[in-house]
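Visitor: When you get a sec, could you give me coordinates for this:
(one chain, ligands or ions: 2)
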Amino acid sequence: MTRAVLSLGSNMGDRYAHLRAAVGCLADTVVLTSGVYETPPWGDAEQPAYLNAVVMAVDPGADPLVWLRRAQACEAAAGRVRDPARRFGPRTLDVDVIAVWTDDDVPVLRADPDLTLPHPRAAQRAFVLKPWLDLQPYAQFPGHGAVTDLLTTPELTAQAQALRPRTDLTLESTP
Ligand SMILES: Nc1ncnc2c1ncn2[C@@H]1O[C@H](COP(=O)(O)OP(=O)(O)OP(=O)(O)O)[C@@H](O)[C@H]1O
Ligand SMILES: Nc1nc2c(c(=O)[nH]1)N=C(CO)CN2
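Guide: Numbering: from 1, shown residues only. Ligands and ions are numbered 1, 2, ... in the order given. Sure thing, here's the model as predicted:
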């Protein structure tokens, strides 16, 4: 499996430092980085705003579970502590595996709760879809069609309008 779209989010501590650390943690697998967006909390309103971004990562040797393990290792390195009482609560760093494609560019579909692909809630999240378009304007969300079409539903349009591009903050992929 070669290619993964990963989302990065942080709303605790030095949010920008956490996003940069995530890109560093994923190291030379990262080939494209989106802009950084200031986003209202999704799913649990009583928490600070997030910084979000999306990256494209490539590694010919990585199967889908390798991407999950890497994502979780980056979260752990950022001191992420899970609060079971708040499913969508605040966190130093969230790295979600949004979708993975095989060597032949076939999307991986997986229903396992340990790793569901594509990510089961990402199609409802403008904080994932909008940054993804920075990387791939014609992005296709496996099983859902064009990302631009998803963003034209009233709910997602409203969410997307509430995102604020932070053009003062950038993420660099490794050269
Ligand atoms: N595509 C995926 N990406 C990341 N984690 C996943 C995925 N599919 C299933 N999981 C599982 O979800 C569990 C909870 O992950 P996590 O704590 O990051 O969720 P969350 O960030 O609070 O919520 P959400 O997944 O809605 O963003 C993890 O233990 C992981 O095994
Ligand atoms: N804006 C925003 N809201 C969220 C985010 C996130 O990354 N950005 N992550 C969550 C974890 O599931 C819950 N809510």
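Visitor: Next, find the distance separating residue 58 from ligand 1.
Guide: Between residue 58 and ligand 1 the distance, using Cβ to the nearest ligand atom, to the nearest Å, works out to 18 Å. Heads up, the C-betas are built off the backbone N, CA and C, glycines and all.
Visitor: What residues are bridge-paired with that residue?
Guide: residue 3 (DSSP bridges).
Visitor: what residues does the chain put near ligand 2?
Guide: 9, 39-43, 50, 52, 88, 94, 127 (Cβ under 6 Å from any ligand atom).
Visitor: ranking these by neighbours, who comes first?
Guide: Among those, the one with the most neighbours (other Cβ atoms under 10 Å) is residue 52, at 28 neighbours.
Visitor: any idea which helix or strand carries the closest residue in space to that residue that isn't next to it in sequence?
Guide: Leaving aside its sequence neighbours, residue 52 sits nearest to residue 127 (Cβ to Cβ, 6 or more residues apart in numbering; 4.3 Å). Per DSSP states H and E: residue 127 is located in helix 126-135.
Visitor: Residue 5 now?
Guide: Following DSSP H and E, one finds residue 5 within strand 3-10.
Visitor: quick one: the following helix or strand past that strand near ligand 1?
Guide: Downstream of strand 3-10, the next assigned helix or strand under DSSP H and E is helix 15-26. No - using Cβ under 6 Å from any ligand atom, helix 15-26 stays clear of ligand 1, coming no nearer than 12.7 Å.
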